[in-house]
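**Student:** next come a sequence and a model predicted from it.
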Number of protein chains: 4
Amino acid sequence: MNSFGHSFRITVFGESHGPVVGVTVDGMPAGIPLCEQDFDADLARRRSDASAGTTPRREPDRPEIVSGLYNGHTDGTPLTLLFRNTTTKPQDYAPLARHPRPSHADLAAARKYGGFNHPGGGGMFSGRMTVALVAAATAAKKLLPGVLFSTTITEIGGIQDPARFDALLTELRTAGDSAGGVVEVRAQGVAAGTGEPFFDSVESLAAHLLFSIPGVKGVEFGAGFGAARSRGSRNNDPIIDRRGTTATNNDGGLNGGIANGNEIVLRVAFKPAPSIALPQETFDFERDRPAPLTIAGRHDACIALRGAVVAEAALACALADLTLRAGNAVTG
Amino acid sequence: MNSFGHSFRITVFGESHGPVVGVTVDGMPAGIPLCEQDFDADLARRRSDASAGTTPRREPDRPEIVSGLYNGHTDGTPLTLLFRNTTTKPQDYAPLARHPRPSHADLAAARKYGGFNHPGGGGMFSGRMTVALVAAATAAKKLLPGVLFSTTITEIGGIQDPARFDALLTELRTAGDSAGGVVEVRAQGVAAGTGEPFFDSVESLAAHLLFSIPGVKGVEFGAGFGAARSRGSRNNDPIIDRRGTTATNNDGGLNGGIANGNEIVLRVAFKPAPSIALPQETFDFERDRPAPLTIAGRHDACIALRGAVVAEAALACALADLTLRAGNAVTG
Amino acid sequence: MNSFGHSFRITVFGESHGPVVGVTVDGMPAGIPLCEQDFDADLARRRSDASAGTTPRREPDRPEIVSGLYNGHTDGTPLTLLFRNTTTKPQDYAPLARHPRPSHADLAAARKYGGFNHPGGGGMFSGRMTVALVAAATAAKKLLPGVLFSTTITEIGGIQDPARFDALLTELRTAGDSAGGVVEVRAQGVAAGTGEPFFDSVESLAAHLLFSIPGVKGVEFGAGFGAARSRGSRNNDPIIDRRGTTATNNDGGLNGGIANGNEIVLRVAFKPAPSIALPQETFDFERDRPAPLTIAGRHDACIALRGAVVAEAALACALADLTLRAGNAVTG
Amino acid sequence: MNSFGHSFRITVFGESHGPVVGVTVDGMPAGIPLCEQDFDADLARRRSDASAGTTPRREPDRPEIVSGLYNGHTDGTPLTLLFRNTTTKPQDYAPLARHPRPSHADLAAARKYGGFNHPGGGGMFSGRMTVALVAAATAAKKLLPGVLFSTTITEIGGIQDPARFDALLTELRTAGDSAGGVVEVRAQGVAAGTGEPFFDSVESLAAHLLFSIPGVKGVEFGAGFGAARSRGSRNNDPIIDRRGTTATNNDGGLNGGIANGNEIVLRVAFKPAPSIALPQETFDFERDRPAPLTIAGRHDACIALRGAVVAEAALACALADLTLRAGNAVTG
């Protein structure tokens, strides 16, 4: 389904080449100051800058708030934002049906929806849908005034030195290829006790949302897969003071699924964008045999670049939900 | 909250040292043959075998089915199973409150629940709770007759050669230490189209459940974090036949959050068990300073060993839920 | 919250005098033919006809479908419809805050939302919100092709003879008063077995939605309150054939919360519209004493008139949800 | 499904003649004093007293609390209570399948569950299931310390004079018949603002639960169906003081779906128990024609008698849920 969240509930709708992508946020307390400009900063981080690594498709991404505000404050009704899709163009998407792109949802979606799904630009499977998540996170962050998010790209295509990212991205674009990347999201100031085990641990809710983001193939908290390669004597985080501060943070600020007051740390693995300029040999259903496919247009060389703010948004929405449940959110 | 699932809904209750751990499974169609013995095989895989790597605490784990069956079949009402906790013993848990164990939930839980949570054996944060998940998965698998699960431990403490696992576990036990591990779960035969984007992708539901398992710090699908280090030209999975078979399976059988008919592959990172025999320097709230803590009793040297079947259970429950939603589950 | 439904899930947003009233319907299978004109018939039934009984405010109520359709069919994504509010006008609603209308939500809402709720035209408490429910029901009915709804006004202000309704409504308008009414909804052709006890009986879901409609104060099924005044020997419905047809239908087609294949019959009590032209003595918070209140504008003399199609919509949405759950809905 | 509630969530399981009827209550804050005796008072009200109006089947109804308590307080985990069914006896229920009882769920259930449902004593459709609701309400009331419930039988078989109830019940028992009844539930002290429109009005949640109770055919709030027969000038409730007290209470303490601080008043119509001693002519599937059916055993002459505390329980659970959502519940 297209809703998520218990007390801070997001519903997304629309598709890449339909009239709009939209989001409804239910659960915002009344009285929170909010305006369209509040959404600009995070939306700008998500927007392509037409640099080496991102697509030249540029949507203005100006939200139209059609409900939930009155006199500059949330009014207790659901907040609905629309993003008009302005750069769509009529086009023949039939080729995708008969010659589906490798590692895209083309084939699986056509079968699931009997061919009725909107194929334009990936339809509901497009990265474009994440504009809804980023917008919802602007609302979420209003409920988390004490939380400081800090998000970085820590790896592109296996390279960990940011000084070398630009060179790699230029090389990828020249080669008509793409690369995966790793995004790290940190959140300081999350109230200890946030999280609702057994099933609604911080990790569970954040991962649920993170794995909804197109292209995400892995999520880890704290030392993550590194912890699996470690020992208890090294991996355990000794407590050093009354506040519960730990000497190390291999648990990424989370024990038993609830925040322990230390910084929450997670990393997200984005796969390489499957749309590449290089020709690919893949099954052609019309010819009934594999045949070379060339995907027209230009695309993101590394979706992790624009995915960084989306990953942060996923964590913010999960934390807002858990904060509202715990009854310690700010209210208007 | 303690429920999960839309159409196959699990509710867990109980705690490690309370009277029972229990689970209610709602959504089972009527008419599925089921009996207590059906639960034995997976429960046995989860049970400690008192080998080097697992705890000497051995619960018989015989489920008592108190509702949902009639004449050897599911009857359309919720299936409730109880596991009596037989090896609990009255004990003084106060030390945990004043000298909480590092990387355990002791401190975070005490704060969240104001000290009212049951501290015995970790209470609701105990790995013991996972007996509920494994039992639920026995029911889930009845709805997935064509799915073949195959689950292995692929790494312990960074070692990937299974021939060396025993030696490492013996070493850990001698040293009073523990190690993390990686579990790989594979599922063949999942119907293409399973998965309900945007938010209820196969990955999202599976990860939600996986991150509810105590000690899980990372989850990846297909090439996972490896994909983040790869390029599109290498990572894309070309389609080679009409059925949608792919030449490689870096996507782990999933595109756009829905099964593409290829094998679903995921890996789970378990951290080292935080309870180790080695003394640890950590904050003592009574003395108001760090002090050495020695945790009595013997524990799992590697929780991934017993966690393997639990990880498989999480995937099975997620798939059962999505299969019921799609309306293509077996019925009685 | 502003969502309802398990498998056919409606989310409403907006308010009477905000930019839009909108609704998102999640769960529609892909491939159902649908267009904007399909919504006209039921929306027309809900619209004021400026007759004696209904308000002169006339909204065109033309839905703008902004998501969920592709090539004239549902496409597997949520269906979102917007209704622009065209007849709102800037106005001073402050009087409502200091002199709240009797039997309206003015006071309760102001307190609940700290004065941040949109007061215009009743805001989210306006009958205008029901346009969303009626629109959702057009989608719901597409999933119930074999179900025939038949809805009538059976009583206005205690009068049961339809021939006398017009005279009463004219009298009410002249007097500046309003009257309550009873709506009866019948649904033939609902598949036996529809309904999911224990909690999701047909009655429970239908009543949940019906009591969300502003002004509804009572709901009964079959003989309803009459059954409470009857005896088993008279009230029981004997079965007369193999199909389960009953000689009488005091149960209104429902046993144990599930449809028995006979006609579903329910009645809904609408209270008199609380906005009346007659002056009312009620507390004035500015003067700190009761004072006469005269409500400007003209209003519905009997909200049951326009409420009839809304009540039918509530039942249709409940049945669509239960039909999708049972897996026997039509698909595209 | 068998769960209800957003923040105070009840899951019921079991059936009349299975091993147990049980209930899990999720969402109880930790630290609420609770013990098995707390459940006695309401369970006693529900229990048959073997008087003229109630069944001679008497279950001790002593709850076994198997989870959620520690040291006499709720501990933050779900509260699970079991009621062992002690008076079930092996019996041949096949006759119900071939000669289903009128106005019972026998036929509808057999068709829905393909004959796999437990027929004993009505199985999951038995009034016995309501013991779960009454137990849940004991927990609910702990969250509503300022709310005073007052519940009465206002009508039996159309008679409104309580002095005549006993005579009627004796007459019914002699005649082998049953009668319906009306229960009125009042709740004083509900915090103004309780209720979450659009869909989760107080009326919606209460009615949802009330219509899950076997035999309930109607629910009304305040003046209810009487309001439908009234006029606005008479039915409106003028506000008389700053606290929002109203001169009349035709709205039953509810405006726009939220509590206005006045007493909440609702009435519930119970139909006559369909199991009567009088022979009934109804379809016999074996003989393929209507034939007289005599239902053995003795039954409730008026289920409203025992249903009164169940109706109160439904309102209590709805209010507990809404109170937890509003964040103003007592905590331990």
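**Tutor:** Now that the structure is in, tell me what you want to look at. Just so it is clear, the structure is predicted and the values come from calculations on it, not from any experiment.

**Student:** quick one: contacts of the strand or helix carrying residue A:183?
**Tutor:** Secondary structure from DSSP states H and E places residue A:183 in strand A:181-188. Applying Cβ atoms under 8 Å, 6 or more residues apart in numbering or on different chains, the contact partners of strand A:181-188 are A:147-157, A:253, A:263-270, A:302-305, A:307-308, A:311-312, A:315-316, A:319, B:225, B:228. Quick note: C-beta positions are derived from backbone N, CA and C, even for glycine.

**Student:** which of those are buried, as a PyMOL select command?
**Tutor:** Per 16 or more other Cβ atoms under 10 Å in any protein chain shown, the buried members of the contacts of strand A:181-188 correspond to this PyMOL selection:
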select buried, (chain A and resi 147+149+151+153+154+155+156+157+253+263+264+265+266+267+268+269+270+302+303+304+305+307+308+311+312+315+316+319) or (chain B and resi 225+228)
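
**Student:** narrow the contacts of strand A:181-188 to those in helices?
**Tutor:** Among the contacts of strand A:181-188, the ones falling in helices (DSSP state H) are A:303, A:304, A:305, A:307, A:308, A:311, A:312, A:315, A:316, A:319, B:225, B:228.

**Student:** let me know whether the third one touches residue A:53 as I believe.
**Tutor:** Yes. At 4.6 Å, residue A:305 counts as touching residue A:53 under the criterion of Cβ atoms under 8 Å.

**Student:** next, count neighbours for the residue of chain A at minimum distance from chain D.
**Tutor:** Residue of chain A nearest chain D, by Cβ to the nearest Cβ: residue A:327 (4.0 Å). Residue A:327 is flanked by 17 other residues according to other Cβ atoms under 10 Å in any protein chain shown.

**Student:** ok, residue A:250 next?
**Tutor:** By other Cβ under 10 Å, 22 other residues sit near residue A:250.

**Student:** chain center to the helix or strand bottoming out on mean pLDDT in chain A, what's the gap?
**Tutor:** When each helix and strand of chain A is scored by mean pLDDT, DSSP states H and E, helix A:94-98 comes last, with a mean of 82. Distance, stretch centre to chain centre, for helix A:94-98: 28 Å (Cα atoms, centre = their mean, to the nearest Å).

**Student:** would you mind identifying the next helix or strand past it?
**Tutor:** Next along from helix A:94-98, by DSSP H and E: helix A:106-112.

**Student:** and that following helix, is it in reach of chain C?
**Tutor:** Yes. Using Cβ under 8 Å from any Cβ of the partner chain, we find that helix A:106-112 touches chain C at residue A:112.

**Student:** and the next helix or strand past that helix?
**Tutor:** Next along from helix A:106-112, by DSSP H and E: helix A:130-142.

**Student:** does anything pack onto that following helix? Which helices or strands?
**Tutor:** When contacts are defined as 3 or more Cβ pairs under 8 Å, 6 or more residues apart in numbering or on different chains; DSSP states H and E, helix A:130-142 sits against strand A:9-14, strand A:20-26, helix A:40-46, strand A:79-84, helix A:303-326.

**Student:** tell me the angle of it relative to strand A:79-84?
**Tutor:** 150 degrees (axes from the mean of the first three to the mean of the last three Cα atoms, to 10 degrees).

**Student:** how big is the angle separating helix A:130-142 from strand A:9-14?
**Tutor:** Angle, helix A:130-142 to strand A:9-14, by the same axes, to 10 degrees: 160 degrees.

**Student:** so how far is stretch A:221-231 off the chain centroid?
**Tutor:** 23 Å.

**Student:** quick check: buried residues in the strand holding residue A:183?
**Tutor:** Of all the residues in strand A:181-188, those buried under the rule 16+ other Cβ under 10 Å are A:181, A:182, A:183, A:184, A:185, A:186, A:187.

**Student:** what's the closest of the residues you listed to residue A:275?
**Tutor:** residue A:181 (15.5 Å; Cβ to Cβ).
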